[in-house]
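Student: what's the 3D shape of this:
(2 chains)
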Amino acid sequence: MPEISELWKSVNLRERWETAPTWVRMIVSGILLAIAIYLPFLNVLPFAYIRTDLSTGGSDWSGVLTTIVIYMIVATGLNVVIGMAGLLDLGYVGFYAIGAYSLALFGSPDSPVTHWFADKFGLSEGWSVPFVACVPIAIAIALAAGVVLGAPTLRLRGDYLAIVTMGFGEIIRIISRNANGLTNGPNGITNVPTPPGPKDPDTGQPFFNPIDGYRWYWLCLAVLILLIWLVRRLEYSRVGRSWLAIREDEDAAAVMGVSGFKYKLWAFAIGAAVGAIAGLLFGSKQTFVEPTGFALNLSFLFVAMVVIGGSGNMVGALFGAFLITYLPERFRGLSDWRPFCFGVALVLVMILRPQGLIPNRRRARELEDRRLEAEEVATDD
Amino acid sequence: MTLLELEDVVLNYGKIRALHGLTLSVDAGEVVALIGANGAGKTSTMRAISGVRGLHSGRIVFDGQDVTKLRADQRLRKGMCLAPEGRGIFPGMTVQENLDMGAYTRKDREAVASDFERVFTLFPRLLERRKQFAGTMSGGEQQMLAIGRSLMSRPRLLLLDEPSMGLAPMLIKQIFSIISEINQQGTTVLVVEQNAKQALSLADRAYVLETGSIVKSGTGAALLNDPSIREAYLGVA
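Tutor: Below is the predicted model of the structure:
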């Protein structure tokens, strides 16, 4: 192992990237993007071995890619909350569910909400809100939910916050399961709308349909890239700097004039909105939304993606999302062993690389500082 | 003119009472020292003044205005700034970024640039380490950074929490001469110290803190010659 890590250090990819001229970075980004766009059609050996549908019973490759990208969006959003602002949110699946349900409730002609609107205002049978209008609705509801959850709870720190947010995730799931009049309960909501696009002239199929999975993948990829760009901008702004200060030392940040509450609330709301966008894409792709898709397990999985990948480092979080989504799909044969492998992997990462696989450099300093501080407190008394 | 006044301040940590009705005042332009043993409530006093901790009861008046109910970030905007005791810096930021955080609330870019010069003149060491992660520096350097960072907000009242903690004697002398320099440049200073000798020789006035309340006060020189203080804090019988 040490030889490998030495070798890796000598390559020093991160520094090379940071010191590379703009045109090199543009070309590299362009190549990576081209590869990402080409992935669904990958058919050249030996690279095609990464596909998940080579053996019988394997998962649809485009479908897997789409799921990976949706979870990458989740990781991008959760990385804002956990990685940048340092708030441990164990109920992130709640926002993911809010995104999916917002789309389903307003966009599906079969949902109790659209029925109610149709009855109330005498609209025609089968009326629903168009997909494009559902997107801002979902984001607005998620932002509001983020603020409603955050405002009373962000005064809590560390573990306490984690417990409360975990409760929030469960509350959302239980409401979606039991509020029959609102969400159809365990039956779920069918006919969730898909994004608009030209219909197939021969079959009349919508543009985004289950057969042409690559279109979903491309759509999600475009959304992911947009969100990464937005979050990057935020990270290097005054807001990002405030998050960093709060994460490193909340008291010191306050003493420097950073309003901890305000920026933590921002982190929560932005994270919630991004999570909702991911959930919305998920719901739309499934065209069906039901409560069991939003179990607490998923929250832990989301947190694991960010933490394993490297909390606070966007590339790390994306990589974590990729690993955790892709590996179980590629090695389906070992599916009985999945929880075991997952547990072992988590423990190993925590022991060998507590800052994650692709760590944030600042984060490593913070962990070290906290260790020294703990030592000082221990020797003080 | 009184700049800061604490009236009967009581501060609790859960069920433990850290400050039992503390009253003190700081006049504009002064250096006031607060000395006391470990656990006497020195850091708690600083937390109460800077707003990091809320009070149980009592009143804090800054510049004629009741700031008891204000949060720490709001109090900074009123013109006070705390340099926290050891490791109160941002470890994952570079020295430069830490100092930038000190100027977080300021919009006057030119004046900020000249304050950078001032801090680097006071602490040439920080200039050398400008690009280094603060968490990798020695205790003394971190202490300098904490003081430099708080100066970047151009406070009228500088609150220093144990500036000499964990420093070598040479460095302690240096830090105290810098504090006096800062004061001469017009900043009022309230310094909390375990190192009573240095603090008392620097301070115009001083308070002695024992188990959460003031037991004695006077000019720095008077306390320095007070036999009971000499015995308890200066190690001279």
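Student: Helices of chain B, start to end?
Tutor: Ranges of helices in chain B, per DSSP state H, are B:42-50, B:72-78, B:95-102, B:109-122, B:124-128, B:139-151, B:169-184, B:196-202, B:220-225, B:227-233.
Student: any chance of the ones you listed in JSON lines, with mean pLDDT and distance to chain A too?
Tutor: Where C-beta positions appear, they are placed from N, C-alpha and C, glycine not excepted. Shown next, in JSON lines, are the helices of chain B (pLDDT from 0 to 100; distance: least, CB to the nearest CB, whole Å):
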{"stretch": "helix B:42-50", "mean pLDDT": "93", "distance to chain A": "5"}
{"stretch": "helix B:72-78", "mean pLDDT": "93", "distance to chain A": "4"}
{"stretch": "helix B:95-102", "mean pLDDT": "94", "distance to chain A": "5"}
{"stretch": "helix B:109-122", "mean pLDDT": "91", "distance to chain A": "13"}
{"stretch": "helix B:124-128", "mean pLDDT": "92", "distance to chain A": "16"}
{"stretch": "helix B:139-151", "mean pLDDT": "91", "distance to chain A": "7"}
{"stretch": "helix B:169-184", "mean pLDDT": "90", "distance to chain A": "17"}
{"stretch": "helix B:196-202", "mean pLDDT": "89", "distance to chain A": "19"}
{"stretch": "helix B:220-225", "mean pLDDT": "89", "distance to chain A": "26"}
{"stretch": "helix B:227-233", "mean pLDDT": "85", "distance to chain A": "19"}
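Student: count of neighbours near residue B:172?
Tutor: Look at residue B:172: counted by other CB atoms under 10 Å in any protein chain shown, it has 20 neighbours.
Student: residues in contact with residue A:352?
Tutor: Not one residue lies near residue A:352 by CB atoms under 8 Å, 6 or more residues apart in numbering or on different chains.
Student: ugh, typo on my part, it should be residue A:299
Tutor: By CB under 8 Å, 6+ apart, residue A:299 lies in contact with A:90-94, A:166, A:169.
Student: just checking, which of the residues you listed belong to helices?
Tutor: Mapping the contacts of residue A:299 onto helices (DSSP H) picks out A:92-94, A:166, A:169.
Student: Would you show me how to pick out the buried ones of those residues in PyMOL?
Tutor: To isolate the buried members of the ones in helices among the contacts of residue A:299 in PyMOL, using 16 or more other CB atoms under 10 Å in any protein chain shown:
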select buried, chain A and resi 92+93+94+166+169
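Student: got CSV for the ones in helices among the contacts of residue A:299, with pLDDT too?
Tutor: Listed next are the ones in helices among the contacts of residue A:299 as CSV, based on pLDDT from 0 to 100:
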residue, pLDDT
A:92, 95
A:93, 96
A:94, 95
A:166, 93
A:169, 93
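Student: which among the ones in helices among the contacts of residue A:299 gets closest to residue A:151?
Tutor: If you rank those by distance to residue A:151 using CB to CB, residue A:94 comes first, at 15.3 Å.
Student: Pick the one among the ones in helices among the contacts of residue A:299 closest to residue A:208.
Tutor: When the ones in helices among the contacts of residue A:299 are compared for distance to residue A:208 (CB to CB), residue A:93 wins out at 23.9 Å.
Student: quick one: that closest one from residue B:218, how far?
Tutor: The spacing between residue A:93 and residue B:218, counted by CB to CB, to the nearest Å, is 62 Å.
Student: ok, and the closest non-adjacent residue to residue 147?
Tutor: Let's take chain A. residue A:269 (5.5 Å; CB to CB, 6 or more residues apart in numbering or on different chains).
Student: Chain B was what I was after
Tutor: With CB to CB, 6+ apart as the criterion, residue B:147 has its nearest non-adjacent residue at 4.7 Å, and that residue is residue B:83.
Student: Test of understanding: give the bridge partners of that neighbour.
Tutor: Beta bridges link residue B:83 to residue B:160, judged by DSSP bridges.
Student: Go ahead and confirm it touches residue B:150.
Tutor: Yes - proximity of residue B:83 to residue B:150 meets the contact threshold set by CB atoms under 8 Å, at 4.2 Å.
Student: Now do the shared contacts for those two.
Tutor: Common contacts of residue B:83 and residue B:150 (CB under 8 Å, 6+ apart): B:158-159.
Student: Closest one of the contacts of residue A:299 to residue A:288?
Tutor: Ranked by distance to residue A:288 (CB to CB), the contacts of residue A:299 are led by residue A:93 at 17.4 Å.
Student: Please list all residues in contact with that closest one.
Tutor: Residue A:93 makes contacts with A:169, A:172-173, A:294-296, A:298-299, A:302, as judged by CB under 8 Å, 6+ apart.
Student: Domains in chain B, by residue range?
Tutor: Following automatic domain parsing, chain B resolves into domains at B:2-79+B:156-233, B:92-154.
Student: Let me have those domains in JSON lines, adding distance to residue A:47 as columns.
Tutor: Below are the domains of chain B laid out as JSON lines (distance: least, CB to CB, whole Å):
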{"stretch": "domain B:2-79+B:156-233", "distance to residue A:47": "53"}
{"stretch": "domain B:92-154", "distance to residue A:47": "38"}
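Student: Of all the ones you listed, which one is nearest residue A:50?
Tutor: Minimum separation from residue A:50 across those (CB to CB) falls at domain B:92-154, 35.3 Å.
Student: That closest one spans what distance, first to last residue?
Tutor: Counting by CA to CA, to the nearest Å, you get 24 Å between the two ends of domain B:92-154.
Student: Which residues are in contact with the residue positioned nearest the centre of chain B?
Tutor: Centroid-nearest residue in chain B, with CA atoms, centre = their mean: residue B:160, separated by 1.3 Å. Applying CB under 8 Å, 6+ apart, we find residue B:160 in contact with B:83, B:147, B:179, B:189-192.
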